[in-house]
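Engineer: can you look at this prediction? I've put the sequence above it.
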Amino acid sequence: MTEVSDRPITKGSAGHTPPKQHPASSSEPKVNVEALGEQLLGKWADYRKAARVLAADTRLHKIEGLSHTEHRKRVFEQLKILVEQKAVLRAFPKSVGGENENGGNIAGFEELVTSDPSLQIKAGVQWGLFGSAVMHLGSEEHHKAWLPGIMSLETPGCFAMTEIGHGSDVASIATTATYDEATQEFVINTPFRAAWKEFIGNAAVDGLAAVVFAQLITKGVNHGVHAFYVNLRDPETKEFLPGIGGEDDGIKGGLNGIDNGRLHFDHVRIPRTNLLNRYGDVNEAGEYSSTIESPGRRFFTMLGTLVQGRVSLDGAAVTATKIALKTAIQYATERRQFNASSPTEEEVLLDYQRHQRRLFTRLATTYAASFAHEELLEKFDGVFSGRTDTDADREDLETLAAALKPLSTWHALDTLQECREACGGAGFLAENRFGSLRADLDIYATFEGDNTVLLQLVAKRLLGDYAKEFRNVDFGVLARYAVGQATDLAVNRTGLRQVAQFVADTGLAQKSANALRSEEGQRALLTDRVQSMVAEVGSALRGAPKLPQAKAAALFNAHQNEIIEAAKSHAELLQWEAFTRALAEVQDEGTKKVLTWVRDLFGLSLIEKNLAWYLMNGRLSMQRARTVGDYINRLLTKIRPHALDLVDAFGYGPDQLRTAVSTGAEKIRQDEAAAYFRAQRASGTAPIDEKVLLERKRREAKSKGAAK
């Protein structure tokens, strides 16, 4: 295989001389790697450290090249190791032997992606979805009956929500649970093929039971989606019970250690008490009752208890990007390519500007995503521990998770691909994990909620807040109101924006060179974009509630792209603000200075990505817009000496990385080659380069011509 892909697309490879860049000198700021590493570990540092030690156990590592059948068997055995190590008890109630440690549980769970993403997700299916559904949707009696077996892996289970025909549209699923008063049983039925449960982890082989989501029907009334505990297989024979069937999804694009499959039910009867009845119950006479009167609110409350899946995927995606960037940046400091600035010495890849652009911008985004995830995790722990468990807190948590999970999972896929390419041919080898990790994480973009659908949920929340704040107010009044608002309305610590507009004098940013470099300048530009987009769409949709349903839907659809783009920009703003808050907590001045450069790189990269919007909407002058790229390039040069410190602070060693190109072997090869050529030149026996010989002959001919 040739290594054409190792060549960075830079001016250096065409003869341009890149500046020599070396580790930080004594006069430059230095990163306190240990302190920064502790900050990145966050509130649940001890849980993360313990999980990393566990993830280093070779018994938990993915073995490339296994058949999907072999991989499945290995991962199921790995689950038993997690049980033995008591790594699955944290989130469960103390009444059944758990620790009731929600934040620490997620923090530790995320680290399993470093051992094998299939193990992480299969553990998530068993304890984070199946077990969590029983815990959060069931009663204390359900906990006592089923959680011990779930926690010990005696009862491997499934989370049977998604259907072939409805995917993300959970409210419209077609599986029914109809109550039979005569027998006091629910009858679970999938009336047609599109109602089969699809992509269900543990369904193909291992699952003995499932939490099945179905439309609860009693006395001829459909009370909407509820959850039911259903036994699937005979524990001894592992055969499906009567009325239950399924299929194996087979080989997938990734995560082949998980036995995903389909399930269907043909009038399967279960006891009335198998309804997980925390939010809705049916008595013996078939009468339905709920503490939540509104069917819509009841539905979203039930789904909201399962938000931890999105929270954990957000964190796991960030972890994967850290692994990729540590590997690629380590390699780029060692691999040499092209002698652009010296006739004898080749350049290390990371000294090329383009290489810095492709890696440092993603490094900056990873830092932002990491700090934002820590805030999400604290919000999650506050709600699920009961410390801050109000309806408003739950709504904020759901919206924040729906905003951050799409960005981090898309970023992980993008970063893994870019790091793969940045390592050239070596990046394509299985031993360096880029391809394997990217294949396994590919499903994250649609798992636990399709990313685009999640952003639409965020947008609806933003539009709802906008409507409440400015109902019956025209845009002119809105703009005048916005000018008078304090900035902190847009940067409160809840992580959700009040949609009061920050439409300060747009000329201000064009008059000051500090607008792009300063924290307030970046905040103003990023905040203004989000809130202007929300205001524009909100104004366009103002009359929608008064229109017939079809026309209202058509109007919403006509603005769907703008709505989702506004939500995406909102999520990016959340990440930038989380980074900025984290900066305020840094004590070491050198670290703070370097991290400020990284935060600025993140902010300016967002502005550069959306320069067209800023120009079209008059937020930046043409001249000021031209300075964005130049300032980014200056930041790259400043960050270059600290690149290794910034990825070392992630805290992943050889046992977690397990990538050949991050071991230092490349440096050994490069040093060996350099020593060989130095010795050859010193010996005087080195062959003469033809180009040197031709140049020598040209000079000699010219000299003779001048002598005549």
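Structural biologist: Looks like it came in fine. Numbers count the residues shown, from 1 in each chain.

Engineer: tell me the contacts of L41?
Structural biologist: L41 makes contacts with 48-49, 651, as judged by C-beta atoms under 8 Å, 6 or more residues apart in numbering. C-beta coordinates here come from the backbone N, C-alpha and C atoms, glycine included.

Engineer: switch to 7 Å and redo it
Structural biologist: Residues near L41 by C-beta atoms under 7 Å, 6 or more residues apart in numbering: 48, 651.

Engineer: what does T155 give?
Structural biologist: 146, 149, 208-209.

Engineer: PyMOL command for the buried members of those?
Structural biologist: In PyMOL, a selection of the buried entries from the contacts of T155 looks like this (16 or more other C-beta atoms under 10 Å):
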select buried, resi 146+149+208+209
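
Engineer: got the contacts of T155 as JSON lines, with distance to G42, pLDDT and secondary structure columns?
Structural biologist: Converted to JSON lines, the contacts of T155 look like this (distance: C-beta to C-beta, whole Å; pLDDT from 0 to 100; DSSP: H, G, I helix; E, B strand; the rest coil):
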{"residue": "W146", "distance to G42": "32", "pLDDT": "97", "secondary structure": "helix"}
{"residue": "G149", "distance to G42": "33", "pLDDT": "97", "secondary structure": "helix"}
{"residue": "L208", "distance to G42": "36", "pLDDT": "98", "secondary structure": "coil"}
{"residue": "A209", "distance to G42": "35", "pLDDT": "98", "secondary structure": "strand"}
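
Engineer: centre-most residue in this structure?
Structural biologist: For the chain, the residue nearest the mean C-alpha position is S408 (2.7 Å; C-alpha atoms, centre = their mean).

Engineer: nearest residue to it in space, please, no chain neighbours.
Structural biologist: Spatial nearest neighbour of S408, excluding adjacent residues (C-beta to C-beta, 6 or more residues apart in numbering): A317 at 4.2 Å.

Engineer: repeat that for A403.
Structural biologist: Using C-beta to C-beta, 6+ apart, the nearest residue to A403 is A571, at 3.9 Å.

Engineer: that neighbour and S118: what is the separation?
Structural biologist: 28 Å (C-beta to C-beta, to the nearest Å).

Engineer: count the neighbours of Q417 for me.
Structural biologist: For Q417, the neighbour count with other C-beta atoms under 10 Å is 15.

Engineer: output the lowest mean pLDDT helix or strand found in the protein.
Structural biologist: Lowest by mean pLDDT, DSSP states H and E among the helices and strands of the chain is helix 475-483, with a mean of 35.

Engineer: that older thread, so the residue nearest to S408 is in which element?
Structural biologist: Assigned by DSSP states H and E, A317 belongs to helix 308-332.

Engineer: please give the element, helix or strand, for the residue nearest to the centre of the chain.
Structural biologist: Per DSSP H and E: helix 391-422 holds S408.

Engineer: need the max-distance pair from the contacts of T155.
Structural biologist: W146 and L208 (11.1 Å; C-beta to C-beta).

Engineer: so where does the nearest residue to G254 once chain neighbours are set aside fall, helix or strand?
Structural biologist: Closest residue to G254 in three dimensions, ignoring its sequence neighbours and counting by C-beta to C-beta, 6+ apart: A439, at 3.5 Å. Taking DSSP H and E as the criterion, the element that holds A439 is helix 434-441.

Engineer: and what of V225?
Structural biologist: With DSSP H and E as the criterion, V225 is inside strand 221-231.

Engineer: ok, and what's touching that strand?
Structural biologist: By C-beta under 7 Å, 6+ apart, the list of residues contacting strand 221-231 from outside reads 133-134, 137, 146, 170-171, 173, 177, 186, 188, 208-216, 241, 268, 270, 274-276, 280, 288, 295, 298-299.

Engineer: again, only using 6 Å
Structural biologist: Applying C-beta atoms under 6 Å, 6 or more residues apart in numbering, the contact partners of strand 221-231 are 133, 137, 177, 209-213, 215-216, 270, 274-276, 280, 288, 295, 299.

Engineer: what do you get for stretch 178-188?
Structural biologist: By C-beta under 6 Å, 6+ apart, the surrounding residues in contact with stretch 178-188 are 177, 217-218, 265, 267-270, 272, 282, 284, 286.

Engineer: and that stretch, how far from the chain's centre?
Structural biologist: Here stretch 178-188 shows a centroid-to-chain-centroid distance of 42 Å under the convention C-alpha atoms, centre = their mean, to the nearest Å.

Engineer: quick check: mean pLDDT of it?
Structural biologist: Over the span of stretch 178-188, the pLDDT mean works out to 98.

Engineer: so where is this structure shaky, pLDDT-wise?
Structural biologist: 1-26, 339-344, 469-515, 708 (pLDDT under 70).

Engineer: the strands in it, which residues?
Structural biologist: 157-160, 176-180, 185-189, 197-200, 209-218, 221-231, 244-248, 261-265, 268-271, 281-282, 288-289 (DSSP state E).

Engineer: for K697, find the nearest of those strands.
Structural biologist: strand 197-200 (70.6 Å).

Engineer: give me the helices and strands touching the closest one, please.
Structural biologist: Counting contacts by 3 or more C-beta pairs under 6 Å, 6 or more residues apart in numbering; DSSP states H and E, strand 197-200 is packed against strand 157-160, strand 261-265.

Engineer: circling back to that earlier point, buried among the contacts of strand 221-231? Make that a PyMOL selection.
Structural biologist: Buried subset of those, written as a PyMOL selection, criterion 16+ other C-beta under 10 Å:
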select buried, resi 133+137+177+209+210+211+212+213+215+216+270+274+275+276+280+288+299
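
Engineer: follow-up on the earlier one: how close does the residue nearest to the centre of the chain get to R310?
Structural biologist: Applying C-beta to C-beta to S408 and R310 gives a distance of 10 Å.

Engineer: could you do L397 as well?
Structural biologist: Shown here: L397 relative to R310, a distance of 10 Å by C-beta to C-beta.

Engineer: swap in T178?
Structural biologist: According to C-beta to C-beta, T178 and R310 sit 31 Å apart.

Engineer: show me which of the two is the more surrounded one.
Structural biologist: R310 (25 against 17).

Engineer: surely that one touches A403?
Structural biologist: No: the pair R310 and A403 fails to qualify as a contact (C-beta atoms under 6 Å) at a distance of 9.9 Å.

Engineer: tally of neighbours for the nearest residue in space to L547 that is not next to it in sequence?
Structural biologist: Once flanking residues are discounted, L547 sits nearest to L555: 6.6 Å by C-beta to C-beta, 6+ apart. Residues lying near L555 (other C-beta under 10 Å) number 14.

Engineer: ok, now the one 4 residues further on?
Structural biologist: Other residues within reach of H559 by the criterion other C-beta under 10 Å amount to 18.

Engineer: that one and V537 touch, don't they?
Structural biologist: Yes: the pair H559 / V537 is scored as a contact, 5.3 Å apart, by C-beta under 6 Å.
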